[in-house]
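In: here's a sequence, model it:
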Amino acid sequence: MQTSRSIELHGQPIAGGKSPLVCCPIVGRTVDDLMLELAIVLPKQPDVLEWRVDFFEAIGDTAAIITAAQLIKQAAGNIPVLFTRRSTIEGGEEIAINEAQVIAMYTAVCESKCIDLIDYEMANDPGNIVQVRTAAKANDIKLVLSYHNFSSTPNLETLAARFLTAEQLGADVAKVAVMPRDIDDVLKMLIATREASKTLHIPLISMSMGSYGALTRLFGWVFGSSLTFAVGASSSAPGQVPFEDLNTVLAIVQKSMADQ
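Out: Now for the predicted structure:
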């Protein structure tokens with residue numbers, strides 16, 4: 001049962017249009033750490049890998065970043081790689097470079113063509129977003145514009161506006177992740193996801209975080225989220241579910257829905 005838009009690369013849907021795509025993050029601080037993570041993650045055959053480069057100790061060395069990205073891509077084979085520097089404002093690690101240097105790093109990585117998708121927060125300076133979008137588009141890399149709120153879940157109008165803003169800013173994929181304070185907030189996120197999936201012209205990724213939010217990671221695809229994150233070796237955000245557990249739940253729900 002297809003309830004979400006497919007995320008495409010080079011004109012073709014990732015994993016043949018599978019819904020939802022399952023993405024595993026890697027968060028190693030060194031190249032050796034990353035390779036050890038990949039040895040655990042890749043045999044699980046996720047649909048997408050996310051490299052959270054804000055965990056990487058050599059983030060100030062663009063040449064080292066590109067070398068590591070090339071090694072990751074070589075190991076990943078046909079599995080697409082999502083490149084993400086998560087800002088501290090939206091839950092990321094402290095890094096030793098400023099935003100201008102981040103943009104230069106993003107541009108160089110796009111030009112190296114060793115990644116497939118790139119994530120940048122839509123709350124960043126509009127001029128910086130334009131630079132990232134331009135670099136991504138010039139190198140046939142898909143741009144995920146994201147919004148993360150680790151303290152609360154905004155109201156439905158604000159959530160809808162976040163999804164729409166990503167599309168208006170030229171994203172190929174809109175991502176919204178928020179923190180629920182109770183189960184009603186989880187329901188609010190699912191409703192916002194469903195409504196956005198009806199109105200946006202691009203795929204979207206949504207989730208609530210934390211223990212309550214695990215429900216959205218398991219069932220958000222039913223409401224229109226195209227991708228969910230699962231723990232392959234290490235978690236990158238609160239509430240991520242182990243890869244095997246997620247696949248078990250997906251198989252049960254998808255079989256049950258197919259029988260209807």
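In: mind checking how far the lowest-mean-pLDDT helix or strand in the chain is from the chain centre?
Out: Every helix and strand in the chain was compared by mean pLDDT, DSSP states H and E; the lowest is strand 241-242, with a mean of 85. How far strand 241-242 lies from its chain's middle: 15 Å, per C-alpha atoms, centre = their mean, to the nearest Å.
In: I figured N124 hits I103, correct?
Out: No. With contact defined as C-beta atoms under 8 Å, N124 does not reach I103; the gap is 9.1 Å. For the C-beta atoms, the positions are set from N, CA and C on the backbone; glycine is no exception.
In: that older thread, which other residues reach the helix or strand that the least confident helix or strand of the chain is followed by?
Out: Per DSSP states H and E, the first helix or strand lying C-terminal to strand 241-242 is helix 243-258. Helix 243-258 is contacted from outside by 1, 20, 22, 24, 41, 44, 46, 217-219, 221-222, 228, 230-232, 241, using C-beta atoms under 8 Å, 6 or more residues apart in numbering.
In: quick one: residues contacting the closest residue to T199 other than its chain neighbours.
Out: In this structure, T199 finds its nearest non-sequential neighbour in L164, 7.6 Å apart by C-beta to C-beta, 6 or more residues apart in numbering. By C-beta under 8 Å, 6+ apart, the contact list for L164 reads 196, 199-200.
In: can we see that at 10 Å?
Out: By C-beta atoms under 10 Å, 6 or more residues apart in numbering, the residues touching L164 are 174, 196, 199-200.
In: determine which two of the residues you listed are furthest apart.
Out: A174 and T199 (11.0 Å; C-beta to C-beta).
In: in what helix or strand does F229 lie?
Out: If you go by DSSP H and E, F229 is part of strand 227-231.
In: what pairs with that strand, and is each one parallel or antiparallel?
Out: With DSSP bridges as the test, strand 227-231 is paired with strand 21-26 (parallel), strand 241-242 (parallel).
In: which residues sit against the last one?
Out: I take that to be strand 241-242. So strand 241-242 is contacted by 22, 44, 214-215, 217-218, 228-232, 235, 247-249 (C-beta under 10 Å, 6+ apart).
In: of the residues you listed, closest to L145?
Out: The shortest gap between L145 and any of the contacts of strand 241-242 belongs to F229, at 16.8 Å (C-beta to C-beta).
In: tell me the mean pLDDT for stretch 250-260?
Out: Averaging pLDDT along stretch 250-260 yields 82.
In: low-confidence ranges in this protein?
Out: Residues of the chain meeting the criterion pLDDT under 70: 1-2, 233-239, 259-260.
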